[in-house]
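K.L.:
sequence-free structure coming up:
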């Protein structure tokens, strides 16, 4: 699951900051943002909250929060069913009101966690302990 979470973090960053791949990702932004948001919920609410106090539990808890926070504005709720669309759009209006400095700090923190997960996964797959 660590690979999925790391990929989701990088996808959020690629969809949130200007880069050459952003145009290609915008075609599927709604689906990718929903995938990242669900992965953030899993990381925050399930793995992170059940393993608080451990290094990876704390990392999952914090990175899951930043995944949800950063992917929330990317969700495209226009095509969702009405019972889900209205509350999500209301929450998105509140989320858009948050100052840009906080958004950039959240993306910076997410980038640090994405690098941490990627580094750990590379070490694990190379057989280093």
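P.N.:
Received the coordinates, thanks. Just so you know, these numbers come straight off a predicted model, no measurement behind them. Residues are numbered from 1 along each chain as shown.

K.L.:
Mind listing what's buried along the helix or strand where residue 70 lies?
P.N.:
Following DSSP states H and E, one finds residue 70 within helix 55-71. Within helix 55-71, the residues that count as buried by 16 or more other C-beta atoms under 10 Å are 59-71. In short, each C-beta sits where N, CA and C put it, glycine included.

K.L.:
now swap in stretch 116-129 and tell me
P.N.:
117-118, 120.

K.L.:
Okay, buried residues for the helix or strand hosting residue 38 please.
P.N.:
Using DSSP H and E, residue 38 sits in helix 29-41. Neighbour counts using 16+ other C-beta under 10 Å place 29-30, 32-37, 39-40 of helix 29-41 among the buried residues.

K.L.:
Does anything pack onto it? Which helices or strands?
P.N.:
Under the contact definition 3 or more C-beta pairs under 8 Å, 6 or more residues apart in numbering; DSSP states H and E, helix 29-41 sits against helix 2-16, helix 55-71.

K.L.:
Mind checking these for the one nearest to residue 126?
P.N.:
helix 2-16 (14.1 Å; C-beta to C-beta).
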